[in-house]
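J.: No letters, just coordinates:
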């Protein structure tokens, strides 16, 4: 079995906080790292100045390892990479593009590389290129998604590589963490679960919608144009899907309609006209509480689940 992500990243618990654009800032990241997990700053849509400042703030708030995410579709990705190499956080996660060309630069800077992959082929590719670990994300996740479920990915990817794999997509409690570990994962990544943390800066309007949501309340937009994004059902997302499959809008028109809607919900609090990106596991989001309480409850439940599993007879 591959190393636990606790060994790879030098953290206490095998829990990585997903990088959520416009949301994952120094305050949330430091809280997750201080609680024993690994926080990750999200740079999507952000400037180099903001990125450098947040890394500095995170260092003031925690002496524990944390990471920074690079969204490889961003027009300023090269400049963001330069900032990360200069500031040297413990690790970097990379998604929405080909991460391999950046490996050497990060490794030369002493930054561990953890790309996000959606299938076996890419997991093998980043392993061969020297990745330190990888996030394997299923379609249950919030935000940009692939086409395979997390269970299918665990079944198929984990046996095929020796690389430590952090499973993502639909993890929100200790039972999920235990299941991933039993299947051979090195850890899990959780994003949506931390949206209702006290330290999370997402707008209170969106937090309330998440607390009110039921299990069937997510929807996937952009499926027909090669840019599938999962979020909560609201006026924007349902109108978008109706237009998307009506045949009355071009791909360019749909992209223009969606641009800026993530920030509109997460930062401005417009939960009707903004895209509230969130994953499918919504029912564990029952109250707003400190990150430390969230992490400790997940770990406690995982331990109890693993103890029960040890007593199962086949």
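T.: Ah, there it is. Predicted, not measured: the structure shown is a model, and the values here were computed from it. Residues are numbered from 1 along each chain as shown.
J.: buried ones in the longest helix that the chain contains?
T.: The single longest helix within the chain, with elements called by DSSP state H, is helix 291-310. Residues 291-292, 294-295, 298-299, 301-302, 305-306 are the ones in helix 291-310 that count as buried (16 or more other CB atoms under 10 Å). From N, CA and C alone the C-beta is placed, and that goes for glycine too.
J.: Would you mark the buried spots in stretch 65-75?
T.: 65-72, 74.
J.: which residues of this structure fall in helices?
T.: 5-9, 26-34, 48-61, 77-87, 103-108, 120-128, 150-157, 174-182, 204-212, 235-244, 251-258, 261-266, 291-310.
J.: Looking at these, spot the one closest to residue 192.
T.: Minimum separation from residue 192 across the helices of the chain (CB to CB) falls at helix 204-212, 7.5 Å.
J.: Residue 197: which of the helices of the chain is closest?
T.: helix 291-310 (4.6 Å).
J.: quick one on the thing from earlier: now the longest helix of the chain: average pLDDT?
T.: Mean per-residue pLDDT for helix 291-310: 96.
J.: can you check stretch 90-109 too?
T.: 94.
J.: what's the answer for stretch 122-141, then?
T.: Stretch 122-141 comes out at a mean pLDDT of 97.
J.: Tell me the buried residues in it?
T.: Of all the residues in stretch 122-141, those buried under the rule 16+ other CB under 10 Å are 122-123, 125-127, 131-141.
J.: what's next to stretch 274-283, contact-wise?
T.: With contact meaning CB atoms under 8 Å, 6 or more residues apart in numbering, stretch 274-283 is reached by 20-21, 140-143, 169-173, 176, 191-193, 195, 206, 209-210, 213-215, 217-218, 221, 229-232, 234, 236-237, 258, 261-266, 268.
J.: Identify the spatial nearest neighbour of residue 141, chain neighbours not counted.
T.: residue 169 (3.8 Å; CB to CB, 6 or more residues apart in numbering).
J.: returning to that earlier point: what's the closest of the buried residues of stretch 122-141 to residue 149?
T.: Nearest to residue 149 among the buried residues of stretch 122-141, counting by CB to CB, is residue 138 at 5.0 Å.
J.: do you know how far that closest one is from residue 180?
T.: Distance of residue 138 to residue 180, computed by CB to CB, to the nearest Å: 11 Å.
J.: Find residues that contact each of those two.
T.: residue 167.
J.: quick one on the thing from earlier: ok, of the contacts of stretch 274-283, which come out buried?
T.: 20-21, 140-143, 169-173, 176, 191-193, 195, 206, 209-210, 213, 217-218, 221, 229-232, 234, 236-237, 258, 261-266.
J.: Count residues in the vicinity of residue 270, would you?
T.: 20 (other CB atoms under 10 Å).
J.: quick one: which of the buried residues of stretch 122-141 is nearest residue 246?
T.: Nearest to residue 246, judged by CB to CB, of the buried residues of stretch 122-141 is residue 139 at 23.6 Å.
J.: Tell me the spacing between the closest one and residue 172.
T.: Distance from residue 139 to residue 172, counting by CB to CB: 15 Å.
J.: Then residue 109?
T.: From residue 109 to residue 172 the distance is 33 Å (CB to CB).
J.: Next: residue 249.
T.: 34 Å.
J.: Repeat that for residue 215.
T.: Remark: distance between residue 215 and residue 172 (CB to CB) = 11 Å.
J.: Same question for residue 278.
T.: The separation that residue 278 has from residue 172, given CB to CB, amounts to 10 Å.
J.: if I pick residue 206, what's in contact with it?
T.: 195, 265-266, 269, 271, 276.
J.: Would you mind giving those residues as JSON lines with pLDDT and distance to residue 94 added?
T.: Listed next are the contacts of residue 206 as JSON lines, based on pLDDT from 0 to 100; distance: CB to CB, whole Å:
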{"residue": "195", "pLDDT": "98", "distance to residue 94": "22"}
{"residue": "265", "pLDDT": "97", "distance to residue 94": "25"}
{"residue": "266", "pLDDT": "97", "distance to residue 94": "22"}
{"residue": "269", "pLDDT": "97", "distance to residue 94": "30"}
{"residue": "271", "pLDDT": "98", "distance to residue 94": "30"}
{"residue": "276", "pLDDT": "98", "distance to residue 94": "25"}
